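**Q** model the structure of this input:
(2 chains)
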Amino acid sequence: MEDKFDCIVIGGGVAGLAAAMTLARNNMKFLLIEKGEFPGSKNVSGGVLWGSDLNKLVPNYWEEEDGGWDRFINHRRLTFMDEQSSFSLDFKSSHFNEKPYTGVVVLRSKFDNWLAGKVQEAIDASDFAMDSFIATDIKVDEVIMENDKAIGIKTGEDEFFADSVIIAEGVNNLLTRQVGLQDKYVPADHMLTGIKEIIRFDQKVLEDRFQLNGLSGMSNEFVGWATNGIEGGGFLYTNRDTISLGLVLGLKDLREKKQKPYDVLNHFKQHPTIADAIKGGEVVEYSAHVVSSGDSRVMPKELYKDGILLVGEAANLLMNAGKAIQGMDYAMRSGILAAETIVEAKAKNDYTSATLKEYRKKMDDSYVMKDIKGFQDAVHLLHTDVMQNKVPNLVCDFGRQFFSIKNEPTPKSEKMLLGAIKRHSSLWELAKLGFKARKSL
Amino acid sequence: MKLLSLPERLGLVSYRNQAKSEIKPHIIVDTDICNSTCPHKCTTWVCPANCYTMDEAGKVHFQVEDCIECGTCMYACDQGAVDWNYPDPEIGRGVTWNFG
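**A** Sure thing, here's the model as predicted:
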């Protein structure tokens, strides 16, 4: 067991790379295994990396001429849609131009690969420059367990041994299931399928169309008509010279309503607001990936067991409570905290649950678990028929009346609003919604 | 902007081992279950790459070549017919995203 590692990290996504970076900086001997050709090659996100943890991993990352990120967000928009209309909450502020940025749009094939390069630099600067590795093109078949403690991994005929294993395999978490931290079958109830297109423009056209300045960017989420009656929502994010346009669709609802996700995407693209936004663009990639909803009922039973820590989407650490779809930032923070726990475990020479449970405590004390716990009601509320259909229709109906000038006597706004409420919902239903929203948001 | 059909969309995906005809499927589907006891056959519409199709007789067929490893079928199938895994880097066919 001469070649034993302190830790094996499975998966070169945001969570795995954040863990690896932290391990390298703390002079740990580790192996990161990625099944794709390079880190990021099999990874798909919307996607915006929210928050400022990236600055902890790669200090002053924005100073690099062509870093792995695409644009920083200073313009947020939430859009309610009906068939003809879109009614947006729109917020743009130069406050968000300040560094560190609080959200950057990323394309994972580029971003993860760039971040892996930074991890390699950290490895090179560590005591284990020749003994820690990022290995690609290797699929882990199994976590090797001995007396219910992880001691390594198996890939084909090869075995690698370590004192600990960080599972960062993403939402399709086969190894998490293998080690018994999640059920063998996870039902579709609280899972969604994300699908998107990358649409390319001349960069100048893109910047003018979305009023971008330098590397500023916009994030836009959509609810209502966008999903053709399927629970979920849409998104549009601006990259350097492309946009990411897509949908996140409830899997159970897709199954029950017998809709094909790519048909729903075409439906979304035909909305007049979207059609105008993407005019003249060229689709350069189509992708899809399952994503969890943030409903804690499907999350793995625990985040650790002897010799094992779970990070990122492998632990279903993702949430959309109406303000933003957060997943990559949860991945990053959980990766950092998991690696810090492994560093402590090495110091104590105890990789059992007795030490690794500290990871759970760090997570519970962090914004990740506090938000996931604190906003469960908001997650549930967002997936109700009222929020998904009635509110978007009502808002757009009101908007159409409010902004119509007809050269005839104009009713008072309150009357317009009451009319719209009656047509799509009821005062009583909205009062209930308001009460729930006040508590949950 | 012209809307793309699914084949046009899949034409934009970079697959590994593109030229290999003898690839080992990474997802094993027991279509006997689909075609006997399954009440919905939902994979034939939820799969974003249309790897599951239904013929005129209503029978489900599966092909792995277009799979983009999204995971949808693993969750959507509640009948135990889908044995899901990632492709082997050497002998499987899988995606390499250009953008991701």
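**Q** what does chain B have sitting close to chain A?
**A** For chain B, the contact set with chain A under CB under 8 Å from any CB of the partner chain comprises B:1, B:3-4, B:6, B:9-10, B:12-13, B:16, B:40, B:42, B:45-46, B:48-50, B:68-72, B:74-76, B:78, B:80, B:84-90, B:94-100. Bear in mind the C-beta positions are built from the backbone N, C-alpha and C, glycine included.
**Q** remind me which residues of the stretch 1-150 of chain A are low pLDDT?
**A** A:1-2 (pLDDT under 70).
**Q** switch the cut-off to 50
**A** The model of the stretch 1-150 of chain A has pLDDT under 50 over residues A:1.
**Q** list the buried residues of stretch A:4-24.
**A** Using 16 or more other CB atoms under 10 Å in any protein chain shown as the test for burial, stretch A:4-24 gives A:5-24.
**Q** those residues in strands, which ones?
**A** Judged by DSSP state E, strands contain the following of the buried residues of stretch A:4-24: A:7, A:8, A:9, A:10.
**Q** nearest to chain B, of the residues you listed?
**A** residue A:10 (11.6 Å; CB to the nearest CB).
**Q** which ones are touching the closest one?
**A** Shown in contact with residue A:10 (CB atoms under 8 Å, 6 or more residues apart in numbering or on different chains): A:16, A:33, A:140, A:143, A:153, A:165, A:166, A:167, A:168, A:169, A:175.
**Q** mind listing the strands for the stretch 1-150 of chain A?
**A** A:7-10, A:30-33, A:48-50, A:69-81, A:86-92, A:103-106, A:133-135, A:142-146, A:149-155 (DSSP state E, counting those that start in this stretch).
**Q** er, chain B actually
**A** Using DSSP E, strands in chain B cover B:28-29, B:52-54, B:60-62, B:82-83.
**Q** residue B:37 against residue B:80, yeah?
**A** No. Judged on CB atoms under 8 Å, residue B:37 makes no contact with residue B:80 at a distance of 9.7 Å.
**Q** what pLDDT does the model give the nearest residue to residue A:313 once chain neighbours are set aside?
**A** With sequence-adjacent residues excluded and distances taken as CB to CB, 6 or more residues apart in numbering or on different chains, residue A:313 is closest to residue A:171, at 4.1 Å. pLDDT for residue A:171: 98.
**Q** give me the number of residues near residue A:171?
**A** By the criterion of other CB atoms under 10 Å in any protein chain shown, residue A:171 has 25 neighbours.
**Q** show me what contacts it?
**A** So residue A:171 contacts A:191, A:289, A:290, A:291, A:292, A:313, A:314, A:316, A:318, B:71 (CB under 8 Å, 6+ apart).
**Q** how would you label the second one: helix, strand or coil?
**A** Put plainly, it is residue A:289. strand (DSSP: H, G, I helix; E, B strand; the rest coil).
**Q** just list whatever residues bridge to it.
**A** residue A:194 (DSSP bridges).
**Q** surely it meets residue A:42?
**A** No. Residue A:289 is beyond contact range of residue A:42, at 9.3 Å (criterion: CB under 8 Å).
**Q** and the stretch 51-200 of chain A, which residues reach chain B?
**A** So far as CB under 8 Å from any CB goes, the stretch 51-200 of chain A lies against chain B at A:107-110, A:112, A:137-139, A:171-172, A:174, A:185-188, A:191, A:193, A:195, A:197-199.
**Q** one more pass at 6 Å, please.
**A** A:107, A:108, A:109, A:137, A:139, A:172, A:188, A:191, A:193, A:195, A:198 (CB under 6 Å from any CB of the partner chain).
**Q** quick one: buried ones out of the residues you listed?
**A** Restricting those to buried positions leaves A:107, A:108, A:109, A:139, A:172, A:188, A:191, A:193, A:195, A:198, with burial counted as 16+ other CB under 10 Å.
**Q** which of the contacts of residue A:10 sit farthest apart?
**A** Across the contacts of residue A:10, no pair lies farther apart than A:16 and A:143, at 14.4 Å, counting by CB to CB.
**Q** could you work out the most separated pair of the residues of the stretch 51-200 of chain A next to chain B?
**A** Farthest pair in those, by CB to CB: A:137 and A:188, 31.0 Å.
**Q** endpoints of stretch A:77-93, how far apart?
**A** Using CA to CA, to the nearest Å, one end of stretch A:77-93 lies 12 Å from the other.
**Q** brain fart, stretch A:44-60
**A** End-to-end for stretch A:44-60, by CA to CA: 25 Å.
**Q** what does the residue nearest the centre of chain B show for phi and psi?
**A** Nearest to the mean C-alpha position of chain B, by CA atoms, centre = their mean, lies residue B:51 at 3.3 Å. Recorded main-chain torsions at residue B:51 are phi -80, psi -20, according to degrees, to the nearest 10.
**Q** also the one 5 residues further on?
**A** In this entry, residue B:56 is assigned phi and psi values of phi -60, psi -30 (degrees, to the nearest 10).
**Q** same for the lengthiest helix in chain A, what does it pack against?
**A** Scanning chain A for the helix with the most residues, using DSSP state H, yields helix A:328-348. Under the contact criterion of 3 or more CB pairs under 6 Å, 6 or more residues apart in numbering or on different chains; DSSP states H and E, helix A:328-348 touches helix A:14-25, strand A:48-50, helix A:353-365.
**Q** run through who's touching it.
**A** Residues from elsewhere that reach helix A:328-348 (CB atoms under 6 Å, 6 or more residues apart in numbering or on different chains): A:6-7, A:14-15, A:18-19, A:22-23, A:26, A:45, A:49-51, A:53, A:164, A:166, A:309, A:311-312, A:317, A:351, A:355, A:358-359, A:362-363, A:366, A:368.
**Q** and stretch A:311-325, by the same measure?
**A** A:15, A:46, A:50, A:166-171, A:173, A:176, A:292, A:294, A:298-300, A:303, A:326-327, A:330-331, A:334-335, A:338, A:372, A:375, A:378-379, A:382.
**Q** next step: those residues restricted to helices.
**A** A:15, A:176, A:330, A:331, A:334, A:335, A:338, A:372, A:378, A:379, A:382.
**Q** could you check the distance from residue B:98 over to residue B:14?
**A** According to CB to CB, to the nearest Å, residue B:98 and residue B:14 sit 6 Å apart.
**Q** before we move on, the earlier item: so for the residue nearest to the centre of chain B, what's the pLDDT?
**A** Looking at residue B:51, its pLDDT reads 98.
**Q** show me the contacts for the nearest residue to residue A:163 once chain neighbours are set aside.
**A** The shortest distance from residue A:163 to any non-neighbouring residue, by CB to CB, 6+ apart, is to residue A:351 (4.8 Å). The contact partners of residue A:351, by CB under 6 Å, 6+ apart, come to A:163, A:164, A:307, A:345.
**Q** now those residues as a markdown table including pLDDT and neighbour count?
**A** Listed next are the contacts of residue A:351 as a markdown table, based on pLDDT from 0 to 100; neighbours: other CB atoms under 10 Å in any protein chain shown:
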| residue | pLDDT | neighbour count |
| --- | --- | --- |
| A:163 | 98 | 23 |
| A:164 | 98 | 31 |
| A:307 | 98 | 26 |
| A:345 | 98 | 23 |
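**Q** for residue A:408, state which of those is nearest.
**A** residue A:164 (73.2 Å).
**Q** ok, back up a step: now, of the contacts of residue A:171, which are buried?
**A** Applying 16+ other CB under 10 Å to the contacts of residue A:171, the neighbour count classes A:191, A:289, A:290, A:291, A:292, A:313, A:314, A:316, A:318, B:71 as buried.
**Q** for the buried ones among the residues of the stretch 51-200 of chain A next to chain B, which one is nearest residue A:181?
**A** When these are compared for distance to residue A:181 (CB to CB), residue A:172 wins out at 14.3 Å.
**Q** who touches that closest one in this structure?
**A** Applying CB under 6 Å, 6+ apart, the residues near residue A:172 are residue B:71.
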